[in-house]
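Participant: Let me see the structure of the following:
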Amino acid sequence: MKRIALMLGVALVSAGCTLGPDYQRPQLDTPAEYVEPAPSGPSLANMDWWDLFGDEQLQSLIRTALDENKDLGIALARISEARASLGFVRADQFPIVDGAGRVSRGRQSREIFPGADTDNDFLLGADLSFEVDLWGRLRRSTEAARAELLSTEEAYRNVTISLVADVARFYLLLRDFDARLAISRNTLQTRLESLRIIQARFDKGTVPELDVNQAEIEVAVAEVAISVFERSVVQTENAIRILLGRNPGPVARGLRLDQQAFPPEVPAGLPSELLQRRPDVASSEAQLAAQTARIGAAEALRFPSLSLTGFAGVESTDLSDLNSSDAGTWSINANIFAPIFNSGKLKANVEIEQARTEQLLLAYEADVQQAFREVEDALVSVRTLRAEQASQTRRVIAARNAARLSQARYDGGVVDYLEVLDSERTRFNAELDQSQTLQLYLNAIVELYKALGGGWYPQP
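Facilitator: Below is the predicted model:
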């Protein structure tokens, strides 16, 4: 056993060479600042999601999703798988010891071996095997597995941040549909009352039948809008319930859409911070690092390999003699395997890994560019939708006043009913558009928060 240990020690000392390139982060052309002007100050991503979203009901929904969402559970299970895979691959760097035992009884043919007798054989010992990592193949494989583990952890973060943003986005959309449904129902009640009045006037002969028909058309338009938004509400509730990891059903509400409080300023921070914050970019880089390590593992296969095997134990023809000093048995073997001719197969394998690395490098660069694009898109959306929301608010105020004046002019006999219908349509559409624009503006802030990488680092 001492000799075996000595050979292992020598082999471990000699195994210091590692083939293949060491991973280095690629040089990227990152902008010094964002193209879209943004307020200065600490990045919006520094905020925790529970500080960004002030609606307590929305916070409750997000917490439920983080506990029960199925996609998040899958991502967490992938981390466990990657961690186990790392342990599996790393174990190849160390000796393997297996217990061995044998009990046999038999006799050879006396026709061949005259005088052969029945013999017993008792064996108890341990087998040892160890591959000397001369060229770093096992170390590179472990390096790749460790990078894969990091990639799955970053993927888990990415799913988490996306889940938080999706719950918030669908919740704001739900509150928008609630608001537009309420607007449609109020409009329907107003138009039914107008229809009742116009019908009464027609019955008295003071207005033409055309006015009645036009009023009926507007009632039907409001009824259609109610059906559309009722359908949208239920479908959005179902989408939220799936994010929560539950079956379709109703969703509890909190603040109205116009009561949602978001920061008035949404600074984006520096572009240089984005690569550290975005988990999808970090996951892509970890995959690139893993693939880079596989090049070294493939190159090592082209060189000779050395494996050591040994056995130590006791063997006797009588069970009671196993503890005898003469029963000891041992063996040490060193095996060298060197590829000589394989029609370029191993060289082609290295080229395959190099080509895959080039693919992942381009994918990583594309992910970085996509990250900057998403931030720029979100910044311009926040700026323009804020201005659009202000314009929509002025539009609603003017449309409501115009509708009120048109109704008064019609009641006074100054104008026909077409002017009233036009004013009512304008008011109805303005109120619907105002709610939708507010939802789009709030969701643009959510998208900016997500594009910046969020500000919450869950520990898987």
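Participant: Please enumerate the strands of this protein.
Facilitator: In the chain, the segments counted as strands under DSSP state E are 96-106, 119-132, 305-316, 328-337.
Participant: what's residue 194 in contact with, if anything?
Facilitator: For residue 194, the contacting residues are 215, 218, by C-beta atoms under 8 Å, 6 or more residues apart in numbering. Using the backbone N, CA and C atoms, a C-beta is placed for each residue, glycine as well.
Participant: residues near residue 393, how many?
Facilitator: Per other C-beta atoms under 10 Å, the neighbour tally for residue 393 reads 14.
Participant: For it, list the residues it contacts.
Facilitator: When contacts are counted by C-beta under 8 Å, 6+ apart, residue 393 touches residue 434.
Participant: Not counting its neighbours along the chain, what's nearest residue 242?
Facilitator: Spatial nearest neighbour of residue 242, chain neighbours left out: residue 248 (7.2 Å); criterion: C-beta to C-beta, 6 or more residues apart in numbering.
Participant: brain fart, residue 303
Facilitator: Nearest residue to residue 303, sequence neighbours excluded (C-beta to C-beta, 6+ apart): residue 135, at 5.0 Å.
Participant: List phi and psi for the one you found.
Facilitator: With angles defined as degrees, to the nearest 10, residue 135 sits at phi -110, psi 10.
Participant: Against residue 190, how distant is it?
Facilitator: Separation of residue 135 from residue 190 (C-beta to C-beta, to the nearest Å): 82 Å.
Participant: The two: which is more packed in?
Facilitator: Using other C-beta under 10 Å as the criterion, residue 135 and residue 190 rank with residue 135 on top: 22 against 18.
Participant: show me what contacts residue 219?
Facilitator: Contacts here follow C-beta under 8 Å, 6+ apart; on that basis residue 219 touches 188, 191, 192, 195.
Participant: Count the neighbours of the residue nearest to residue 450 when sequence neighbours are not counted for me.
Facilitator: Of all residues not flanking residue 450 in the chain, residue 165 sits nearest, at 4.0 Å (C-beta to C-beta, 6+ apart). Neighbour count of residue 165, defined by other C-beta under 10 Å: 20.
Participant: Which ChimeraX command selects the buried ones in the contacts of residue 219?
Facilitator: Burial among those is assessed by 16 or more other C-beta atoms under 10 Å; the matching ChimeraX selection reads:
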select :188,191,195
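Participant: Next, format the contacts of residue 219 as CSV and append distance to residue 357 and pLDDT.
Facilitator: Formatted as CSV, those follow (distance: C-beta to C-beta, whole Å; pLDDT from 0 to 100):
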residue, distance to residue 357, pLDDT
188, 63, 96
191, 66, 92
192, 69, 94
195, 71, 92
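Participant: Any chance of the contacts of residue 219 in TSV with distance to residue 87 as columns?
Facilitator: Shown next, in TSV, are these (distance: C-beta to C-beta, whole Å):
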residue	distance to residue 87
188	65
191	69
192	71
195	74
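Participant: Can you verify my assumption that the residue nearest to residue 450 contacts residue 445?
Facilitator: No: with contact defined as C-beta atoms under 8 Å, residue 165 does not count as touching residue 445 (10.3 Å).
Participant: anything in contact with each of those two?
Facilitator: Counting by C-beta under 8 Å, 6+ apart, nothing touches both residue 165 and residue 445.
Participant: ok, which stretches of the stretch 51-200 of the chain are helices?
Facilitator: Applying DSSP state H, counting those that start in this stretch to the stretch 51-200 of the chain gives helices spanning 56-68, 70-90, 137-204.
Participant: Please identify the most buried of those.
Facilitator: helix 137-204 (a mean of 20; mean count of other C-beta atoms under 10 Å).
Participant: Could you check the pLDDT of the residue positioned nearest the centre of the chain?
Facilitator: Closest to where the C-alpha atoms of the chain average out (C-alpha atoms, centre = their mean) is residue 159, at 2.7 Å. For residue 159, the model assigns a pLDDT of 93.
Participant: how about it, what does it touch?
Facilitator: Neighbouring residues of residue 159 by C-beta under 8 Å, 6+ apart: 71, 72, 75.
Participant: Please tell me how far the last one sits from residue 371.
Facilitator: For residue 75, the distance to residue 371 equals 19 Å [C-beta to C-beta].
Participant: Run a quick neighbour tally on residue 374.
Facilitator: 18.
Participant: One more: residue 33?
Facilitator: 11.
Participant: same question, residue 115
Facilitator: 6.
Participant: for the one 4 residues further on, same thing?
Facilitator: One way to gauge burial is a neighbour count; for residue 119, by other C-beta under 10 Å, it gives 11.
Participant: Who are the contact partners of it?
Facilitator: Counting by C-beta under 8 Å, 6+ apart, residue 119 touches 105, 106, 107, 317.
Participant: Can you name the two of these that sit furthest apart?
Facilitator: Maximum pairwise distance among these (C-beta to C-beta): 12.7 Å, between 107 and 317.
Participant: just for the stretch 1-150 of the chain, where's the confidence low?
Facilitator: Counting by pLDDT under 70, the stretch 1-150 of the chain shows low-confidence ranges at 1-16.
Participant: try 90
Facilitator: Applying pLDDT under 90 to the stretch 1-150 of the chain picks out residues 1-18, 27-34, 36-51, 92, 97-127, 133-134.
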